[in-house]
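Undergrad: Fold the following.
(chains A and B)
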Amino acid sequence: GENVEQHPSTLSVQEGDSAVIKCTYSDSASNYFPWYKQELGKGPQLIIDIRSNVGEKKDQRIAVTLNKTAKHFSLHITETQPEDSAVYFCAASIRGSARQLTFGSGTQLTVLP
Amino acid sequence: EAGVAQSPRYKIIEKRQSVAFWCNPISGHATLYWYQQILGQGPKLLIQFQNNGVVDDSQLPKDRFSAERLKGVDSTLKIQPAKLEDSAVYLCASRANTGGGYGYTFGSGTRLTVV
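TA: Numbers count the residues shown, from 1 in each chain, chains lettered A, B, ... in the order given. Have a look, this model is predicted:
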């Protein structure tokens, strides 16, 4: 089955700085890579996703990059704000797996004012 | 559009007791998932439904966990008897099958504490 590793487990940045979270996956058949933001007491919320036929995707301050050869993908948040503080999860879905997601272990992002 | 509804939000039970969680997915979403999220970890899939049929329950501890989705809408997840290691947040998610959409919508979860 798929295995997703996520680093770092905690990340503190100053407001306005950039934050980068990295994930690696094991199964080359994975073709869909979403990122979720989870605030305290809430369920994960999809913030951006990328499919394997695309190398990069951007949505305002958030971008995701995918390197299929190296089997890793990254989340980039620019101009961070205090409301970006949350736990972020990467995930991967194997082609033909009925869209089941395997999640990383999460990154606690703290944006310091 | 209303989100995925889950209840209760919190539950505390003693080990060996039974407990049930309820999920109402987004209207029209054919696929429903139950995930278990242990503190400090990412969610792990327990079971997936397509309408009212089970697609995958290979990760469900069937000796104590059961789930059903009657009429292809609401779903319940039951644990009987509960163990200490079942303490976790149980997340329900749903997904539309049309339009090539991959994105899940998660509910807020039920936090279970087994003492």
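Undergrad: For burial, what's the neighbour tally of the residue nearest to B:N51 when sequence neighbours are not counted?
TA: Once flanking residues are discounted, B:N51 sits nearest to B:G72: 3.9 Å by Cβ to Cβ, 6 or more residues apart in numbering or on different chains. (C-beta placed from N, C-alpha, C; glycine too.) For B:G72, the count of nearby residues is 15 (other Cβ atoms under 10 Å in any protein chain shown).
Undergrad: What's the local residue count around the nearest residue to A:Q14 once chain neighbours are set aside?
TA: Setting aside the residues directly before and after it, A:Q14 is nearest to A:L112 in space (Cβ to Cβ, 6+ apart), at 5.4 Å. When neighbours are counted by other Cβ under 10 Å, A:L112 registers 11.
Undergrad: you'd agree A:L112 is up against A:V13?
TA: Yes. The pair A:L112 / A:V13 is scored as a contact, 7.0 Å apart, by Cβ atoms under 8 Å.
Undergrad: Grab the nearest non-local neighbour of the residue positioned nearest the centre of chain B.
TA: In chain B, the centroid-proximal residue (Cα atoms, centre = their mean) is B:W34; its distance is 2.9 Å. Closest residue in space to B:W34, ignoring its immediate chain neighbours: B:L46 at 4.5 Å, by Cβ to Cβ, 6+ apart.
Undergrad: before we move on, what about B:A20?
TA: Leaving out its chain neighbours, B:A20 is closest to B:K78 (Cβ to Cβ, 6+ apart), at 4.6 Å.
Undergrad: show me the contacts for that neighbour.
TA: Neighbour list for B:K78: B:18-21, B:65-67 [criterion: Cβ atoms under 8 Å, 6 or more residues apart in numbering or on different chains].
Undergrad: Now do the helices in chain A.
TA: Counting by DSSP state H, chain A forms no helices at all.
Undergrad: Wasn't B:K71 part of a helix?
TA: Yes. The assignment for B:K71 (DSSP: H, G, I helix; E, B strand; the rest coil) places it in a helix.
Undergrad: any idea how far B:K11 lies from B:Q36?
TA: Distance of B:K11 to B:Q36, computed by Cβ to Cβ, to the nearest Å: 14 Å.
Undergrad: Which of the contacts of B:K78 fall within strands?
TA: B:19-21, B:65-67 (DSSP state E).
Undergrad: Only whichever of those residues are buried, select them in PyMOL.
TA: In PyMOL, this line selects whichever of the ones in strands among the contacts of B:K78 come out buried by 16 or more other Cβ atoms under 10 Å in any protein chain shown:
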select buried, chain B and resi 19+21+65+66+67
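Undergrad: Quick one: neighbours of residue 45, just the number.
TA: Picking chain A for this. 15.
Undergrad: think we crossed wires, I meant chain B
TA: With other Cβ under 10 Å as criterion, B:L45 counts 21.
Undergrad: To which secondary structure element is it assigned?
TA: According to DSSP states H and E, B:L45 maps onto strand B:44-50.
Undergrad: Name the residues of that strand that are buried.
TA: Quick answer for strand B:44-50 (16+ other Cβ under 10 Å): B:45-50.
Undergrad: Among those, which pair sits farthest apart?
TA: Maximum pairwise distance in the buried residues of strand B:44-50, criterion Cβ to Cβ, is 15.1 Å, between B:L46 and B:Q50.
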